[in-house]
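K.L.:
sequence and predicted structure, then a few things I'm wondering about:
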Amino acid sequence: MPIEVKDKEEFMELSKSASECKVKKNKDNTKLKLRTGRYMYTIKLEPKEAEELVSKLGCPTVQI
């Protein structure tokens with residue numbers, strides 16, 4: 001079961017230990033998914049906020 005994160009700073013910290021980050025764009029929001037060894041973490045953001053966050057992530061990104 002994925003864990004939803006609400007804080008962008010916490011999501012950035014988790015990205016350092018993640019193997020990959022998946023980006024899924026929907027009509028009204030963008031969902032970012034981090035895969036770590038044990039859990040999958042997700043965060044829902046507005047498209048502009050997501051673009052800023054993706055550029056700062058410390059893991060490889062994949063567009064879905």
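P.N.:
Structure's in. What do you need?
K.L.:
give me the next element, helix or strand, following the longest helix that the chain contains.
P.N.:
Ranked by residue count and defined by DSSP state H, the top helix of the chain is helix 47-56. Downstream of helix 47-56, the next assigned helix or strand under DSSP states H and E is strand 61-63.
K.L.:
enumerate the positions of the longest helix of the chain that are buried.
P.N.:
Of all the residues in helix 47-56, those buried under the rule 16 or more other CB atoms under 10 Å are 50, 53-54. Just so you know, the C-beta spots here come from the backbone N, C-alpha and C atoms, and that holds for glycine as well.
K.L.:
what is the nearest of the residues you listed to residue 10?
P.N.:
Nearest to residue 10 among these is residue 53, at 11.7 Å by CB to CB.
K.L.:
for the spatially closest residue to that closest one that is not a sequence neighbour, grab the count of nearby residues.
P.N.:
Using CB to CB, 6 or more residues apart in numbering and skipping the chain neighbours, the partner closest in space to residue 53 is residue 8 (6.0 Å). When neighbours are counted by other CB atoms under 10 Å, residue 8 registers 16.
K.L.:
now residue 8: how far from residue 29?
P.N.:
Here residue 8 is placed at a distance of 14 Å from residue 29 (CB to CB, to the nearest Å).
K.L.:
same question for residue 4.
P.N.:
In this view, residue 4 and residue 29 are 13 Å apart by CB to CB.
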